[in-house]
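Chemist: A structural model of the following input is requested.
(chains A, B and C)
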Amino acid sequence: MSFVEQAPVLIVILPLLSAFLVNMVGLINRRYCLPFAILGIFGSFTASVITLIRIMEHGVIHYRLGGWPPPFGIEYVIDHFNGLVLVTVSFVSLLAVIFSKESIKQELPEKIPQFYTLFVLLVTGLLGMTVTGDAFNLYVLLEISALTGYALIAMGDNKALVASFNYVILGTIGASFYLLGVGHLYIMTGSLNMANLLTILPDLYSLNVIFIALLLILVGTWIKMAFFPMHGWLPNAYTYAPSAAGCLVAPLVTKVSVYIMIRIMLSVFSPLYVYSVVGLSDTIVWMAVIAILSGSILALAQTDFKKMLTYLIVAEVGYMVGGAWLASSSGLTGAILHIVNDALMTLCLFIFAGIVIYKRGGQQLQDLAGLYKKMPITMAAFTVGALSMIGVPPTAGFFSKWYLILGAIDAGKYHFMAALLVSSLVNAILFFRVIEIAYFEPKVDHHGGDSHKVAIDEAPLSMLVPLIIVALSLIVIGLYSGDIVTNIIQHSVPAGL
Amino acid sequence: MIWQLDLSILTLIVICAFATIMVKDLLSAAIIFGAYSFLMCLLWTEMGAVDVAFTEASVGAGVSTVLFIAAVHQTTRRVGFRKSGRGLSKAVGLVAALLTGLVLVIAEKDFPGFANPFTPASLHVSPYYITQTLHDTNVPNMVTSVLADYRGFDTMFETAVIFTAGLAVIAILRRYKKDDRCDLPDPHVISAGYPDTIIRFVARQLVPFIQLFALYVVAHGHHSPGGGFQGGVILGASFILLAISYDSRMIIGRMSEKWNILLGNIGVLIYAGIGFLCLLLGANFLDYSILSKVLPATDKIMARSHGMLGIETGVAIAVMAIVVSIYINIVSCGKYDKDE
Amino acid sequence: MESIISDYNYWIYILLMMIGLYAMLAKNNLVKKVIGMSIFQTAIIVFYVSIGAKEHATIPIIAHGHGHGAVEAAIDVTHYANPLPHVLMLTAIVVSVGTLGVALAICLGIYRRYNSLEEDEIQEQLQ
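Modeler: So this is what the prediction gives:
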């Protein structure tokens, strides 16, 4: 057995195996849980990086599970696109699991083994959805990540239970619509393998049922990614989740759903079908515009810091859906790059929120007051994340937004460009308000503001290190985004756009 | 297939679905839902999907109903009347349902006819399973061979799903602190409130036979309907039967929380472990044919057959433990420490 | 009329789907919502299993299939129901019971804290 050859399946299997080990060592001593969780996710990260390098050298990798040839067996297909997403997902989860150490000790000390097992299983589900080339296998992993997500969110405070119940109902509708869409494809073609479907479907493009299959799958993924009119479950669920869970769920679940949507558009239906034959582009870009604007406006109205971030996620989903449906190669490039950037930005902001909750015990905007003096390093990292959200160069957020705007101009969809600019402006207002509170307003203590000199009181190292790494990576990705686009993303954008 | 039978079962199903939604008492709703599942199971047998029917009988009509009853027992049977001014959600529900219905009806026009043996679904991919199952795996039940071998990877995650669910229920409900509020008189007893000797005696006598049958279902899944999942649920059901006829403390004494969790883990690990063993021996993940290297006197085809038996055993162990665990957690609302 | 009689399975699945969806979105009681969810999921199972049905076909188990490579010849594909949808739906049933367990657990947790299963009463307390 060679590690490199088996790396595609190890990406998923290592976290799966480590989930059971975490659970079993948790019966002996719950302190052993975290190392095993880190080990599993780190192994997965290594395998993802190796796979991505191999793809860049040799092109697309196919892996037959059980040795059966497709379409009879299940196949893993990894190209540049999901290679990149795999590295992102495993990287983000690695940082999130390191962050969780102190926060989970404070918030859920009794349920550490269950928490980490569910955490690693969620990572498994997300990676499995990304790596697979089989439409039904994707559904099974979608459900694993959904079930773990429900439970992780429900482990939060009392309000979290109600939020989680809504998520169960809507999440099940989403997953079932996806399954129903796949069923419509199956009844017309007899196949479940994505590559096989891509070759069979062109003969059937004129049929209504194929269009409806696309529609069902789209609505399913939209509910999962909280695309605007279907976003109702997200803000409460992510706000009241335990902060360690929020750091994994918020950056990744919506992004992987966006990945699924683009994967289905490009690799099951074809760019020709989704952009030319069905003529949905205009409608969906308008929906994205509405999503961006309403997400931004709702974010402005919040006084709860974490809730504000959740509405920003709703707006960001609009970016990616809109970019994917612009039907231009820069738009698609921007959407794919934004999957990576947004995962990292959201992680940065949610880790920051987690640190604030850990230190101050609250997540209102007032709780941020005076933080610059108390936690200079944390605030520096947060500032990088905030600038990236606004889209200030050289942070990563600027470049994906740049490609999205280019795409909007190429496609002649100026309303989408306008929405992007308005949303950047709103983000600027939001984050400068936060920075203002944290910089100028002193924290009102019980002592009544007697101390002129505030002692530095930084977050624990296990929280600070992931935050610094993610902030640095935002700058590094920003600086190298040209290379990422030419070496990786260009290969996954279809030529004829 | 007899279309008259099909149609009448379907009509009854729709009536049950309406009734279970409309009825103003949750216990009745749970029982009607059990009947609904049982009718589903008949429908599937009638359409030739025996394995699906078997699973539905054990899971849908069996475990789901028991879980519903346990949940209702822990909460309330009451269904309140909606207060005024909440017509919005009704309107949303109605519009969503009608819109979905409309879209699906349009799609239905393009479907190939029902029960036609020459549809794309029957001509592409699936004929390979029908003609090659014996040749490739020596397993005559093609549902088993597709489930455990051709698409065995799905099934591994299916087992992981049930494991996740069990763990999720523990994560959500379990309470370790002693002072947590629990205002129900005795959360462990689900019976009428008095010990019934006849029920207890009969249940006790039945359990060994149920378990023997479950083992047969697991072991004979290659040749007849059934397999690890169904067998595991039946094994779990035998314990739940004891828990219902006595009280759940009796089960907690025999299958402690630690053992349950451990068994659940071991079951899934057997599955993933066999897959990983194949990988270590030099083949792809879950390619059982390579196991002929380590199993004495087996060729590649028989190795596949034995590999499937191995993973079915793992599935059965995991499912049994998890079903019991979910039941105990729900019926006791997460509070079942021994010293209580 | 012809198409209704020949495709009744597909019509019924659409009807069940609508009932389930309506209950999930419109019902006030959480357990009723969960029941609606189960009906919604079984509707999809009806759809898939109907895809696999073939007229005059038997169950997907090869008769006299014992022994090593016994019957090489004469396996008529139209003679057996399509096994693939059955396999997929076994997975879907398992998924639906998993979701059911989690949903009921959340209901119990909610009842423990808010002492109610009615959505409007819970919302009142949340405010």
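Chemist: Next one: stretch B:250-261, is it in contact with chain A?
Modeler: Yes - using Cβ under 8 Å from any Cβ of the partner chain, stretch B:250-261 reaches chain A at B:258, B:261. Every C-beta, even on glycine, is put in place using the N, C-alpha and C of the backbone.
Chemist: ok, that stretch near chain C or not?
Modeler: No - Stretch B:250-261 does not reach chain C (Cβ under 8 Å from any Cβ); its nearest approach is 14.0 Å.
Chemist: how long is that stretch end to end?
Modeler: Taking Cα to Cα, to the nearest Å as the measure, stretch B:250-261 stretches 18 Å from start to finish.
Chemist: buried stuff in it?
Modeler: For stretch B:250-261, a neighbour-count test (16 or more other Cβ atoms under 10 Å in any protein chain shown) marks B:251, B:252, B:255, B:257, B:260, B:261 as buried.
Chemist: swap in stretch B:288-303?
Modeler: Neighbour counts over stretch B:288-303 (16+ other Cβ under 10 Å) mark B:288, B:289, B:290, B:291, B:292, B:298, B:301, B:302, B:303 as buried.
Chemist: Closest one to residue C:44 out of those, please.
Modeler: residue B:288 (30.5 Å; Cβ to Cβ).
Chemist: Against residue B:265, how distant is the closest one?
Modeler: Between residue B:288 and residue B:265 the computed distance is 22 Å (Cβ to Cβ, to the nearest Å).
Chemist: same check, this time on residue B:95
Modeler: To residue B:265, residue B:95 is 45 Å away according to Cβ to Cβ.
Chemist: Give me the more crowded residue out of these two.
Modeler: Taking other Cβ atoms under 10 Å in any protein chain shown, residue B:95 and residue B:265 do not tie; residue B:265 has more neighbours (24 against 13).
Chemist: Got the phi and psi for residue C:118?
Modeler: phi -90, psi 130 (degrees, to the nearest 10).
Chemist: how about the closest residue to it other than its chain neighbours, secondary structure?
Modeler: Spatial nearest neighbour of residue C:118, chain neighbours left out: residue B:80 (4.4 Å); criterion: Cβ to Cβ, 6 or more residues apart in numbering or on different chains. What DSSP: H, G, I helix; E, B strand; the rest coil gives for residue B:80 is coil.
Chemist: correct me, but residue B:80 touches residue C:122?
Modeler: No - using Cβ atoms under 8 Å, residue B:80 makes no contact with residue C:122, being 11.0 Å away.
Chemist: who has more neighbours, those two?
Modeler: residue C:122 (20 against 15).
Chemist: who are the neighbours in contact with the more buried one?
Modeler: Applying Cβ atoms under 8 Å, 6 or more residues apart in numbering or on different chains, we find residue C:122 in contact with A:162, C:110, C:114, C:116.
Chemist: Wait, a helix at it?
Modeler: Yes - using three-state DSSP, the assignment for residue C:122 is a helix.
Chemist: And it, how far from residue C:30?
Modeler: The spacing between residue C:122 and residue C:30, counted by Cβ to Cβ, is 8 Å.
Chemist: which residues do those two both contact?
Modeler: residue C:110.
Chemist: what's the neighbour count on residue A:29?
Modeler: Neighbourhood size, residue A:29 [other Cβ under 10 Å]: 9.
Chemist: Then residue A:109?
Modeler: 10.
Chemist: Not counting its neighbours along the chain, what's nearest residue 75?
Modeler: Answering for chain A, as no chain was given. Nearest in space to residue A:75, with sequence neighbours left out and distances taken as Cβ to Cβ, 6+ apart, is residue A:133 at 4.5 Å.
Chemist: try chain C instead
Modeler: residue B:131 (5.0 Å).
Chemist: where in the stretch 201-350 of chain A is pLDDT low?
Modeler: Judged by pLDDT under 70, the stretch 201-350 of chain A has no weakly predicted residues.
Chemist: give me the residue from it nearest chain C.
Modeler: Closest residue of the stretch 201-350 of chain A to chain C, Cβ to the nearest Cβ: residue A:236 (9.5 Å).
Chemist: Check the gap between that residue and residue A:166 for me.
Modeler: The value you get for residue A:236 to residue A:166, if Cβ to Cβ is used, is 7 Å.
Chemist: Which one's more surrounded, the two?
Modeler: residue A:236 (20 against 17).
Chemist: is the host helix or strand of the more buried one up against chain B anywhere?
Modeler: Residue A:236 is part of helix A:234-240, with elements assigned from DSSP states H and E. No - counting by Cβ under 8 Å from any Cβ, chain B has no neighbours in helix A:234-240; the shortest distance is 13.7 Å.
Chemist: Format the CA atom coordinates belonging to the following helix or strand past that helix as CSV.
Modeler: Later in the chain than helix A:234-240, the nearest helix or strand by DSSP H and E is helix A:243-263. In CSV, the C-alpha atoms belonging to helix A:243-263 read as follows (Å, rounded to 0.1, in the frame of the first residue of the first chain):
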residue,chain,number,x,y,z
SER,A,243,-18.6,28.7,20.1
ALA,A,244,-16.3,25.7,19.3
ALA,A,245,-19.1,24.2,17.1
GLY,A,246,-19.8,27.5,15.5
CYS,A,247,-16.2,27.8,14.4
LEU,A,248,-16.5,24.6,12.4
VAL,A,249,-20.1,24.8,11.2
ALA,A,250,-20.2,28.5,10.2
PRO,A,251,-17.2,28.6,7.9
LEU,A,252,-17.7,25.2,6.3
VAL,A,253,-21.2,23.9,6.0
THR,A,254,-22.5,26.7,3.7
LYS,A,255,-19.3,26.7,1.7
VAL,A,256,-19.4,23.0,1.0
SER,A,257,-23.1,23.4,-0.1
VAL,A,258,-22.0,26.0,-2.5
TYR,A,259,-19.3,23.6,-3.7
ILE,A,260,-22.0,20.9,-4.3
MET,A,261,-24.1,23.4,-6.2
ILE,A,262,-21.3,24.3,-8.6
ARG,A,263,-20.2,20.6,-8.8
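Chemist: How about helix A:243-263 and chain B, touching?
Modeler: No - on the criterion Cβ under 8 Å from any Cβ, helix A:243-263 is out of touch with chain B, staying 10.5 Å away.
Chemist: That helix and chain C in contact?
Modeler: No - applying Cβ under 8 Å from any Cβ, one finds helix A:243-263 out of contact with chain C, separated by at least 14.9 Å.
Chemist: Which elements pack onto that helix?
Modeler: Where contact means 3 or more Cβ pairs under 8 Å, 6 or more residues apart in numbering or on different chains; DSSP states H and E, helix A:243-263 is packed against helix A:80-107, helix A:112-131, helix A:135-154, helix A:208-225, helix A:234-240, helix A:305-324, helix A:329-360.
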